[in-house]
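Participant: okay, predicted coordinates and the sequence, questions at the end:
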Amino acid sequence: MAHLAAPEDEPGPGRRGHRHRRLRRFRTRLAAVVVTLGLLVTGYGVAIEPRLILDEERIQARIPGLGPDWNGAEVLVFSDLQVGMWWDNTGMIERVVDRAVAAEPDAVLLPGDFLYRGEASVQERVQDAARLLEPLTAAGIPVYAVMGNHDHAVGAVEELTTALEEQGIQVLANEAVPVLGSGPGPGLFVVGVGPSSVGGAEPAEAFDEVPEAAPRLVMMHHPTTFPELAAGAAPMAVAGHTHCGQIALPLLSSWAHLGLTKEEEIVADGFAPAGYGAEGNAMYVTCGIGFSLLPVRINAPPQLLTVELHPA
């Protein structure tokens with residue numbers, strides 16, 4: 001007796017099995033696409049963006065009381081070297097230092113986190129960081145620095161301060177120093193505020209030696225120190241620490257470095273928004289160079305910042 005075919009709206013076991021096989025093939029292909037995209041993004045974030053791409057940002061700062069000999073002066077800023085991090089970004093540090101020397105700036109500011117905990121001894125990491133920065137002072141560029149939270153965490157503040165100052169880098173711990181211009185008297189004060197997360201920030205103390213009307217640039221490691229500055233005390237401040245998110249994937253902020261520091265979500269990169277900080281103050285957060293936790297940067301390339309100074 002001949003077998004009757006199942007109606008189209010009542011598929012038999014063979015038709016159901018065919019659909020299941022097609023669904024499994026689709027899922028397998030989709031998984032392969034997702035894994036491939038993940039590998040491509042990871043490869044980009046490990047080998048391309050942090051190693052080959054340098055964001056050279058330029059901003060202008062209006063500084064009250066700035067003398068004519070400093071009008072148009074350029075101050076370069078880069079931060080967060082994180083020397084000692086596994087697979088650290090030494091090649092990019094060398095590139096940034098070379099670009100800074102070639103630019104012949106009037107000063108360089110280094111807002112902290114020179115070191116990261118690693119297998120080498122603290123003294124070895126200190127020597128590596130100092131060696132990488134040595135071309136700046138060898139070129140006669142005035143260089144100023146503050147310590148970051150990682151420098152404190154590895155217990156290297158004293159050794160690092162000594163090593164940097166031996167090669168002419170002035171390390172500021174809640175203090176200010178005048179930078180001499182070509183005209184008479186100090187042309188500019190550089191104010192350095194310590195890292196807040198380790199209890200090292202004393203903003204009021206940092207401004208003690210700065211005359212009220214003197215032009216100044218302010219440098220700090222943590223952006224969250226900025227709201228503590230008095231009104232008009234910091235017409236231009238720079239900070240680091242956030243790595244601009246480091247892995248700054250849209251809609252996935254919890255995966256970013258920023259997700260680990262919730263208090264800094266208000267300003268992770270670029271200029272602080274209006275209303276953050278006292279009246280008359282401005283802050284720019286730079287992306288830094290190195291890594292924290294993972295040697296990856298996605299949508300947050302290393303950055304060399306140029307601040308061009310003009311009278312207010």
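Facilitator: It's in.
Participant: only C-alpha atoms for contact and neighbour calcs from this point on.
Facilitator: Noted.
Participant: please enumerate the strands of the stretch 201-312 of the chain.
Facilitator: 216-220, 237-239, 270-271, 283-285, 303-311 (DSSP state E, counting those that start in this stretch).
Participant: and Met92, how many neighbours?
Facilitator: 20 (other Cα atoms under 10 Å).
Participant: CA atoms only: put whatever helix or strand it lives in into PDB for me.
Facilitator: Element membership of Met92 [criterion: DSSP states H and E] is helix 90-103. In PDB, the C-alpha atoms belonging to helix 90-103 read as follows (Å, rounded to 0.1, in the frame of the first residue of the first chain):
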ATOM      1  CA  THR A  90      57.800  51.000  26.000                       C
ATOM      2  CA  GLY A  91      57.900  51.600  22.200                       C
ATOM      3  CA  MET A  92      55.100  54.200  22.400                       C
ATOM      4  CA  ILE A  93      56.800  55.900  25.300                       C
ATOM      5  CA  GLU A  94      60.000  56.200  23.300                       C
ATOM      6  CA  ARG A  95      58.000  57.600  20.300                       C
ATOM      7  CA  VAL A  96      56.200  60.200  22.500                       C
ATOM      8  CA  VAL A  97      59.500  61.300  24.100                       C
ATOM      9  CA  ASP A  98      61.100  61.600  20.600                       C
ATOM     10  CA  ARG A  99      58.100  63.700  19.400                       C
ATOM     11  CA  ALA A 100      58.300  65.900  22.500                       C
ATOM     12  CA  VAL A 101      62.000  66.600  22.000                       C
ATOM     13  CA  ALA A 102      61.500  67.400  18.300                       C
ATOM     14  CA  ALA A 103      58.700  69.800  19.200                       C
END
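Participant: buried ones in that helix?
Facilitator: By neighbour count on 16 or more other Cα atoms under 10 Å, the buried set for helix 90-103 is 90, 92-93, 96-97, 100-101.
Participant: now stretch 203-222
Facilitator: Buried residues in stretch 203-222, counting neighbours by 16+ other Cα under 10 Å, are found at 203, 206-207, 210, 214-222.
Participant: and the furthest pair within those residues?
Facilitator: The most widely separated members of the buried residues of stretch 203-222, counting by Cα to Cα, are Ala214 and His222 (23.8 Å).
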